[in-house]
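> Here is my input; please provide its structure:
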Amino acid sequence: MKRLGIVVLAMSSLLSACQADISETVAVPDGEAVVFTGVGEATRTDVSETDGSISVSWNDSDEIGVFGERAGKSLGGNYGYAAIPADGGRTCTFRPLSTGKAFYDAVAGDVYQAYYPYASAAGGDPSCVAVSLPAVQVQAKENDLSHLSDYMVMVSRPVTVANVEENVSFEFHGLFSIVELRMRLNESSALDEVPLKKITLVSEGSDIAFDDAAADITAFSESGLSYVPVNIVSGSRAVELAFGDKAVLSKEYASFYVVVAPGEHPSGDMRLEITASDNSVNTVDLTGDISFRSNRRYTKSLEINLDDFVAADPFDVNSDNLTVKAGEPVDFVFSGAADRIVFYSGEFGHDYVYAEKGRPAEVYLNFFSLYYNGVQRDCVSVKYSYDFKLEYDGSDLVSDESAIKAATWFDVSDEFTLPPYITNVDPEAQPITDPYDSGTVDISNWFADGHESLTFAFFYHVDKYDASYVDEKTGTQGNGRTWFQLYTLLAQGRFDDGSSATLVEMKKGDHNQVEIIHGDSYADEPETQHCMKNVSSGGTTVIRMQATFRAPDDRDAYIVTKPIVRPYNDPDEGVSVKNTGEIQPEGYSYVFVEPGTYKAVFVGEITTLYGQEKVTKEFEITVTE
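Sure, this is the predicted structure:
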């Protein structure tokens, strides 16, 4: 008896395949074996696209299930056959997985039918073959279609042996439909690309995927396969397409592929949900009647508007008991999702107001100074500026009087005690060894309106000598210049815990934190009459501001500090409620032990299309005794 060769063709509507007779057969014991062979350009599980057509063919990991019938009786049901590719994958012979479950000695009138992929649990009845189509499918990245072979089921047209001298060909068709979604961002979108988390195709009225169903593969008509009757036991009305690698939606068209069950969907039944990496969702209603037929590929092109992405699960916190007794819990309930959640109770050390920079120190300023000789009283004023900064070229000071005049200065002389008398002139003046204390002044309010740094300065002025001038206090004639001597200066930050930080300090032997700037009027002054650092006076070293005793013109000079920067202690800490990757709890409870009013804050960190963002939820908690 002639051995029978069966040529297996790939899916006819998806693959342009060749058909040929196979003369070589494989012998097996106990009878003449029916040999199933396949011909194609490539392998079945290598899905590719060429010139706009999707090709589906066979490889050596494929297995088919075959059913046989003779005179209305089964020759065997669901026998497994494995592929053996040859000729670089162009041809393929199928061998039985078990010689005890194989077809032998074909005769005219025998009917064979097959399906792919083989499953031993699919059952022996071709009218009730167990099939499944996952509701969650995974595409590696945009434009990749290698995943399609993981989800397609193929069935062959029933073949009746008419002449045992001729080979018999199986023609396979796909049971399901392939949907290609070609999408791109609108050109006007603010972002060039959007990272995608998943794409979901949803039907309101019928299942488009199933994990448990039975298909009648004998329902193949002579004209082709539109729908195979499927009895769905457990189905899904949505197919979710996730991604193995990073997938993005850009301003160039990209393709995303899902496999769905055939069926009819009236207008308004289907929608597309595009979920970005931040869980925001862009929903597109698919209008018009939609018909999915077996063994077909459908393409839908869409232009996506960035502004249509809407937060699907915004993070929120609520509480019904904001007034409690000390020792009783305050209960908070979460809704929505956040990558990370931190709670700040509002208690000392846990106040969200100070979570970024910590608590600012109070800043205090003090200096010791003295006037000496001459009768030019009140020759110094003290001021501060936000926009003046000492400038250097290497170690050389380049700031000059023009920079001082260009800055804005605030006179705060009234806040300090400047020398009330002139030593060596007024009898009640303190000696040169005992300078006047300016008082320790809280200058914290100078750091208002977001200012974190300032410069403090002494403005020294000498009037042009006037021989006719008479000092009202001493009766001295002629307004000879008066020295101003600065002994020490200290700007200090003080924290709530009692600790302190030195910000700027000038003291004996260390005048590095201040600079002297001479005005242009000193150009004709002798060097010996310039203002100087580290002058020995009264048993210490001072900065002496001076000029010629009988100055021929007005003189101006300045003592300027390096920047006084307000310090902060360590940021206040919150309690971590949820970290990235952890399961979000339903809520959180906190117990206040001391009566008072607290501003409690939850901070939720979420990933958005524009990057990481923080969502804050504030509550005023009243705790009674």
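> Let me see the contact set for the nearest residue to Phe447 once chain neighbours are set aside.
With CB to CB, 6 or more residues apart in numbering as the criterion, Phe447 has its nearest non-adjacent residue at 4.7 Å, and that residue is Arg566. The C-beta positions use only the backbone N, C-alpha and C, and glycine is treated the same way. The contact partners of Arg566, taken as CB atoms under 8 Å, 6 or more residues apart in numbering, are 360-361, 363, 444, 447, 452-453, 493, 503.
> hmm, 10 Å instead?
357, 360-363, 443-444, 446-447, 451-454, 491, 493, 501, 503 (CB atoms under 10 Å, 6 or more residues apart in numbering).
> Of the residues you listed, just the buried ones, PyMOL syntax please.
Filtering the contacts of Arg566 down to the buried ones (16 or more other CB atoms under 10 Å) takes a single PyMOL command:
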select buried, resi 360+361+362+363+443+446+447+454+491+493+501+503
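> Give me the local confidence score for Val164.
Predicted confidence (pLDDT) for Val164: 79.
> what's it sitting at in phi/psi?
The phi/psi pair for Val164 (degrees, to the nearest 10) reads phi -70, psi -10.
> all numbers from here: first residue = 44
Sure, I'll start numbering at 44, so the last one becomes Val207.
> what about it, distance to Ile384?
Here the criterion is CB to CB, to the nearest Å. By it, Val207 lies 74 Å from Ile384.
> between these two, who's got more neighbours?
Ile384 (26 against 18; other CB atoms under 10 Å).
> Show me what secondary structure element comes after the host helix or strand of that one.
Assigned by DSSP states H and E, Ile384 belongs to strand 383-387. Toward the C-terminal end, the helix or strand that comes next after strand 383-387 (DSSP H and E) is strand 405-415.
> Which parts of the chain are helices?
With DSSP state H, the ranges of helices along the chain come out as 444-449.
> quick one: low-confidence parts of it?
Low-confidence segments of the chain (pLDDT under 70): 44-100, 130-134, 210-211, 263-271.
> In the record's domain split, what are the boundaries for it?
44-160+196-217, 172-194+219-354, 359-401+613-667, 405-608 (automatic domain parsing).
> so can I have TSV of those domains showing distance to Gly166?
Formatted as TSV, the domains of the chain follow (distance: least, CB to CB, whole Å):
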stretch	distance to Gly166
domain 44-160+196-217	6
domain 172-194+219-354	6
domain 359-401+613-667	40
domain 405-608	76
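> Against Trp489, how distant is the residue nearest to Phe490?
9 Å.
> Now do the shared contacts for those two.
Both Arg609 and Trp489 are contacted by 406, 497, under the criterion CB under 10 Å, 6+ apart.
> hang on, Gln535 packs against Leu546?
Yes: here Gln535 reaches Leu546: they are 6.2 Å apart, a contact under CB atoms under 10 Å.
> Name the nearest residue to Asp514, ignoring sequence neighbours.
Leaving aside its chain neighbours, Asp514 sits nearest to Val418 (4.0 Å; criterion: CB to CB, 6+ apart).
> for Phe502, same thing?
Ser424 (4.8 Å).
> for the one you found, what are its contacts?
Counting by CB under 10 Å, 6+ apart, Ser424 touches 452, 454-457, 459, 461, 500-504.
> Tabulate the residues you listed (a markdown table), appending neighbour count.
Below are the contacts of Ser424 laid out as a markdown table (neighbours: other CB atoms under 10 Å):
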| residue | neighbour count |
| --- | --- |
| Trp452 | 18 |
| Asp454 | 11 |
| Val455 | 16 |
| Ser456 | 14 |
| Asp457 | 8 |
| Phe459 | 19 |
| Leu461 | 20 |
| Ala500 | 22 |
| Phe501 | 24 |
| Phe502 | 20 |
| Tyr503 | 26 |
| His504 | 20 |
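> just these now: which is nearest Glu568?
Glu568 lies nearest to Tyr503 out of the contacts of Ser424, by CB to CB, at 12.9 Å.
> Specify the beta-bridge partners of that closest one.
Val423, Ala600 (DSSP bridges).
> Name the strands paired with the strand holding Ile384 and say parallel or antiparallel.
Strands flanking strand 383-387 in the sheet, each with its direction: strand 618-621 (antiparallel), strand 639-651 (antiparallel) (DSSP bridges).
> To Ser334, which of those lies closest?
Closest among the strands paired with strand 383-387, using CB to CB: strand 639-651, at 38.1 Å.
> How far off centre is the closest one?
19 Å (CA atoms, centre = their mean, to the nearest Å).
> Now do the buried residues in that strand.
So for strand 639-651, counting by 16+ other CB under 10 Å, buried means 641, 643-650.
> Check stretch 470-480 too.
Across stretch 470-480, burial judged by 16+ other CB under 10 Å covers 472, 475, 478-479.
> can you list the residues you listed in TSV and add distance to Asn622?
Output for the buried residues of stretch 470-480, formatted as TSV (distance: CB to CB, whole Å):
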residue	distance to Asn622
Ala472	67
Ile475	65
Pro478	58
Tyr479	58
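> show me what contacts Asp363?
Applying CB under 10 Å, 6+ apart to Asp363 gives the contacts 373-376.
> Ok, Phe391 next?
Counting by CB under 10 Å, 6+ apart, Phe391 has contacts 397, 402, 539, 615, 637.
> So which of those wins on neighbours?
Highest neighbour count within those: Asp615, with 21 neighbours (other CB under 10 Å).
> Surely that residue touches Gly392?
Yes: because the distance of 5.6 Å satisfies CB under 10 Å, Asp615 is recorded as touching Gly392.
> send the alpha carbons of stretch 535-553 over as CSV?
Written as CSV, here are the backbone C-alpha positions of stretch 535-553 (Å, rounded to 0.1, in the frame of the first residue of the first chain):
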residue,chain,number,x,y,z
GLN,A,535,26.1,83.4,65.3
GLY,A,536,23.3,81.0,64.6
ARG,A,537,21.5,79.5,67.6
PHE,A,538,19.3,76.4,67.4
ASP,A,539,16.3,75.2,69.4
ASP,A,540,18.3,72.5,71.0
GLY,A,541,20.8,75.0,72.5
SER,A,542,23.6,74.4,70.0
SER,A,543,25.1,77.2,68.0
ALA,A,544,27.1,77.8,64.8
THR,A,545,29.6,80.6,64.1
LEU,A,546,28.8,82.3,60.8
VAL,A,547,31.2,85.2,60.7
GLU,A,548,33.8,86.1,63.3
MET,A,549,36.4,88.8,63.6
LYS,A,550,38.6,88.7,66.7
LYS,A,551,42.1,89.4,67.9
GLY,A,552,44.6,88.1,65.4
ASP,A,553,41.9,86.9,62.9
